[in-house]
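1. Fold the following for me, if possible:
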Amino acid sequence: MEISVTIPRAAAALMPEGSKRKNLTFEEFKQSFQQMKEMSSAEPDEKIPPLHVLLQGTDVTLPEPIVPERSPELEARVQRLRRDQENREYRKMTAGVDRLQSARKEDSLNFGAELREINAHLINILQLILTVGGTFLFTYKAIEYAHGDTQPSVAGKVLVALCTSFLVAVADLYFILRTLEYSEKKAKGSAASSAVSKKQSATDLSKEKPLPMKKD
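-> Model prediction:
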């Protein structure tokens, strides 16, 4: 520690030659004052001012602390931790926006899926009508061509055509119902897997922890 001393003129002549400087360390000042006391003891006529008088007007200059420079590894780790913290804060701020966008996207996807499902149902109904109608006409004409000149009554041909069409309609409805059941099961499985994946992603996000900082 360095001390700046302003020496009074009365005491300057009594200080040793090597100590007559403006800036002295604390140890040098103590040694100078001790030498002045010894000189005063050897020569009673020489009066040495008290210590508090000598210290009047002095300034204490403390040494500046030495700040060690950060190592490149520590600086890189600090920057990485700062980026991770900023990313977590950003995800926290945009969590509500992401959920809203996901809900809107899911609604649009559901609307599109419903439209596709309605189109599929309409196509199945149209196919059923065409199949039943075609079966009726085919059976009716087949009976005419099969009997040749001896044509059965119109009521008989219509009855046979209706029975055949009914059997074809029942078979077609069976396959349509099986297809609808399979589609519902597939949709439920997709919804369940989507819910599980969302829950897992939320769990992983909540378990994120900041990287530990190693001490150098």
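
2. CA only for contacts and neighbour counts going forward, please
-> OK.

3. What are the buried residues along the helix or strand where Phe29 lies?
-> Secondary structure from DSSP states H and E places Phe29 in helix 26-42. By neighbour count with 16 or more other CA atoms under 10 Å, helix 26-42 contains the buried residues 29, 32-33, 36-37, 39.

4. so where's this structure shaky on pLDDT?
-> 1-26, 39-40, 42-49, 51-52, 54-60, 96-110, 190-216 (pLDDT under 70).

5. Can you report how many residues lie near Leu173?
-> 15 (other CA atoms under 10 Å).

6. name the element it belongs to?
-> helix 154-206.

7. Next: Gln85.
-> helix 72-93.

8. Can I get that helix in PDB, CA atoms only?
-> Provided in PDB are the C-alpha atoms of helix 72-93 (Å, rounded to 0.1, in the frame of the first residue of the first chain):
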ATOM      1  CA  PRO A  72     -11.500 -18.900 -23.500                       C
ATOM      2  CA  GLU A  73     -13.200 -22.100 -22.200                       C
ATOM      3  CA  LEU A  74     -15.000 -20.100 -19.400                       C
ATOM      4  CA  GLU A  75     -16.000 -17.400 -21.800                       C
ATOM      5  CA  ALA A  76     -17.500 -19.900 -24.300                       C
ATOM      6  CA  ARG A  77     -19.300 -21.700 -21.500                       C
ATOM      7  CA  VAL A  78     -20.800 -18.400 -20.200                       C
ATOM      8  CA  GLN A  79     -22.000 -17.400 -23.700                       C
ATOM      9  CA  ARG A  80     -23.500 -20.900 -24.200                       C
ATOM     10  CA  LEU A  81     -25.400 -20.600 -20.900                       C
ATOM     11  CA  ARG A  82     -26.600 -17.100 -21.800                       C
ATOM     12  CA  ARG A  83     -27.900 -18.400 -25.100                       C
ATOM     13  CA  ASP A  84     -29.700 -21.300 -23.400                       C
ATOM     14  CA  GLN A  85     -31.300 -18.900 -20.900                       C
ATOM     15  CA  GLU A  86     -32.500 -16.600 -23.700                       C
ATOM     16  CA  ASN A  87     -33.900 -19.600 -25.600                       C
ATOM     17  CA  ARG A  88     -35.800 -20.800 -22.600                       C
ATOM     18  CA  GLU A  89     -37.200 -17.300 -22.000                       C
ATOM     19  CA  TYR A  90     -38.200 -17.100 -25.600                       C
ATOM     20  CA  ARG A  91     -40.000 -20.500 -25.500                       C
ATOM     21  CA  LYS A  92     -41.700 -19.400 -22.300                       C
ATOM     22  CA  MET A  93     -43.000 -16.200 -23.900                       C
END
